[in-house]
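Participant: need coordinates for the below:
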Amino acid sequence: MKENYYICTFIYSEMTIISSPLSNDEKRMFKKLFISRIVLGILLLPLFGFFIYTYISDFSFYNFDELQLFGLLLLAAMIFLVFKYVIPGYIYTYKSVKAKNKLIQSTIVLDFKETYNYRIGIRFIISTEYRIIDSWRITLLNNNPPFPFSQLYIGMPIKIHYLEHNKTDIIKIEKI
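Facilitator: Down below sits the predicted model:
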């Protein structure tokens, strides 16, 4: 029988969160992000509309077969994903454009994982006292100077600049 042993490491730190006003450069970054997401949505909207139009024009109750069922399920899945992720993403981005303050969190790295996928690349998962940061699920807006994910270690002090309502768009991560 295989036994699992867990090693617990307790690191004492005082996490601080400070509110500060957004700079003009950060406000411009959020405006550019909003405009680019709107343009991407406008470019993908005709494709989505064409799919709905062709499905509705070919739909027939008299010749209902497996392909129509597959199209109906695909259409339902697409509509679900639009309402679940796309529309809230636009709402969060619009709120980011209207935001006036950002939060700066001084914390330490509690856990750090690095995984590799040969198709996509390296994925970094950072656990801090406040949240988990996944490099594939966030947008790091200001990466100048670049944040070295590969040089992270457990117990490393970092500062995370972010907006309170937006969990996917991080303004900046920097070493302390």
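Participant: quick one, domains of this structure?
Facilitator: Domain segmentation of the chain under automatic domain parsing yields 16-22+100-175, 24-98.
Participant: could you tell me the end-to-end distance of the longest one?
Facilitator: The reference is to domain 16-22+100-175. Its first and final residues considered, domain 16-22+100-175 spans 15 Å by CA to CA, to the nearest Å.
Participant: check which helix or strand the residue lying closest to Ile125 once chain neighbours are set aside maps to.
Facilitator: Ranked by CB to CB, 6 or more residues apart in numbering and with sequence neighbours excluded, the top spatial neighbour of Ile125 is Lys113, at 4.4 Å. In this view, the C-beta of every residue, glycine as well, is placed from N, C-alpha and C. Per DSSP states H and E, Lys113 falls inside strand 111-117.
Participant: and that strand, what does it pack against?
Facilitator: Strand 111-117 is packed against strand 121-127, with contacts defined by 3 or more CB pairs under 8 Å, 6 or more residues apart in numbering; DSSP states H and E.
Participant: what are the ranges of the helices in this structure?
Facilitator: 24-58, 66-81, 87-98 (DSSP state H).
Participant: export those helices to CSV and tack on distance to Ile173, mean neighbour count and mean pLDDT?
Facilitator: Putting the helices of the chain into CSV (distance: least, CB to CB, whole Å; neighbours: other CB atoms under 10 Å; pLDDT from 0 to 100) gives the following:
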stretch, distance to Ile173, mean neighbour count, mean pLDDT
helix 24-58, 14, 12, 87
helix 66-81, 29, 12, 85
helix 87-98, 17, 15, 90
